[in-house]
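1. attaching a predicted model along with its sequence, questions to come.
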Amino acid sequence: MLTYIVRRLLILIPVLVGVTLIIFSLMHVSGDPVRLMYGPNVPKEKVDEKRTELGLDKPIYIQYGNWISQLLHGDFGRSIHVQDRVSNLISARIGATLELTLVALVFTLLFSIPIGVVAAVKPYTAFDNIGRIFALFWVSMPYFWLGLVFMLLFGVRLHWLPISGRGGSLWSIAGLSHILLPALTLGLPPLALFMRLVRSSMLEVINEDYIRTARSKGLREGRVVFRHGLRNALIPVVTLLGLRLPWLFGGAVITETVFAWPGMGRLLVDAVTQRDYPVVQGIVLILATLVILSNLLADLVYAYIDPRIRYE
């Protein structure tokens, strides 16, 4: 297992190099960042002066080499608008993004797995049919529309929950009340998807021979379902989890913008609007790294769920 982890971490290096190349190329293909920042009416002399100050007058390959050299020293550059280090801006926001994403993920798994298991154990019942309608509805909802509906209903009409900002520590009442609507917005669409996948995976294993053997030995139904059935049905769920984590990070960008949540997603939107390309490059690189590590974590969970899986 250790050899596999080391090998995957080594593969991470060329992947990240490719990501940096794509990010850097796209930022420069989109146009001259200084001209886009200043607009068409600013004199050319001022634009050239700013371009020289930022090092954008050098050839593209030298700019890329300088950026990579900065990254290797832990320096993501400086923001054009805020005049602060990009690493400082990201470190101040990454905690809020991870908090929102993890709460949404816990909410998704906490409800999707039990509901999917019950729907599989009692297929084609009223509970299963209602769950099917629920899944079809929520999986079709875009994040921004869902967030606006929650804001209008629970914030504006009912005045139950705040509709913007972060309320401090997650373990405080204010923190929980502020994160509830963004977490629901981010977690409900994947909850519906995971619920349907758990149901279909459980239906495949619930009639297997080892399940009948466990029942014939007199084990309790709950132990048979959750210990023997669910554990073998979780492999596809973990696979989907590794694939859906990038969607959660992407959905966090929209959700943070809608709810004014002070995370990296909102910082990214502001940086794109302001043409602050060093901030955009730094945030996209961090998000890409988180996605790659989440896929590695999913592979490691495989071996824990099913000991027959060996990577050596």
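-> Sure thing, it's come through.
2. helices and strands of this protein: which one bottoms out on pLDDT?
-> helix 33-38 (a mean of 71; mean pLDDT, DSSP states H and E).
3. buried sites along stretch 10-26?
-> Neighbour counts over stretch 10-26 (16 or more other Cβ atoms under 10 Å) mark 19-20, 23-24 as buried. For the C-beta atoms, the positions are set from N, CA and C on the backbone; glycine is no exception.
4. ditto for stretch 197-213
-> Residues of stretch 197-213 classed as buried under the neighbour-count rule (16+ other Cβ under 10 Å) are 197-199, 201-203, 205-206, 211.
5. can you give me the end-to-end span of that stretch?
-> Terminal residues of stretch 197-213 are spaced 25 Å apart (Cα to Cα, to the nearest Å).
6. leaving out chain neighbours, which residue sits closest to Leu12?
-> Spatial nearest neighbour of Leu12, excluding adjacent residues (Cβ to Cβ, 6 or more residues apart in numbering): Ile292 at 5.9 Å.
7. mind listing what the one you found touches?
-> 12, 15-16 (Cβ atoms under 8 Å, 6 or more residues apart in numbering).
8. likewise Asn207?
-> By Cβ under 8 Å, 6+ apart, Asn207 has no neighbours at all.
9. that one belongs to a strand?
-> No. Counting by DSSP: H, G, I helix; E, B strand; the rest coil, Asn207 is not part of a strand but coil.
10. okay, it and Trp160: tell me how far apart.
-> Asn207 is 44 Å from Trp160, where distance means Cβ to Cβ, to the nearest Å.
11. what do you get for Leu203?
-> Leu203 is 38 Å from Trp160, by Cβ to Cβ.
12. picking that back up, can you redo the contacts of Ile292 as JSON lines with secondary structure and pLDDT?
-> Putting the contacts of Ile292 into JSON lines (DSSP: H, G, I helix; E, B strand; the rest coil; pLDDT from 0 to 100) gives the following:
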{"residue": "Leu12", "secondary structure": "helix", "pLDDT": "79"}
{"residue": "Val15", "secondary structure": "helix", "pLDDT": "83"}
{"residue": "Leu16", "secondary structure": "helix", "pLDDT": "82"}
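13. what's the closest of these to Gly229?
-> When the contacts of Ile292 are compared for distance to Gly229 (Cβ to Cβ), Leu12 wins out at 34.9 Å.
14. now the closest one: how far from Leu240?
-> 22 Å.
15. one more: Val118?
-> Taking Cβ to Cβ, one finds Val118 at 19 Å from Leu240.
16. check Leu71 too.
-> Where Leu240 is concerned, Leu71 sits at a distance of 32 Å (Cβ to Cβ).
17. same question, Ser140
-> 17 Å.
18. look at these two and report which has more neighbours.
-> Neighbour totals were compared for Ser140 and Leu240, and Leu240 leads with 17 against 9 (other Cβ atoms under 10 Å).
19. next, name the residue at the spatial heart of this protein.
-> The centre of the chain sits closest to Phe249, judged by Cα atoms, centre = their mean, with a distance of 2.2 Å.
20. my guess is it contacts Ile286, does it?
-> No. The criterion here is Cβ atoms under 8 Å, and Phe249 misses it with Ile286 at 9.7 Å.
21. wait, is Ala120 part of a helix?
-> Yes. Under three-state DSSP, Ala120 falls within a helix.
22. show me the contacts for it.
-> 198-203, 206.
23. check the gap between the nearest residue to it once chain neighbours are set aside and Leu230 for me.
-> Nearest residue to Ala120 in three dimensions, chain neighbours excluded: Met202, at 3.4 Å (Cβ to Cβ, 6+ apart). As for Met202, its distance to Leu230 is 7 Å (criterion: Cβ to Cβ).
24. common neighbours of these two, please.
-> Val117.
25. Ser91: neighbour count?
-> If you count neighbours by other Cβ under 10 Å, Ser91 ends up with 11.
26. cheers, nothing more for now.
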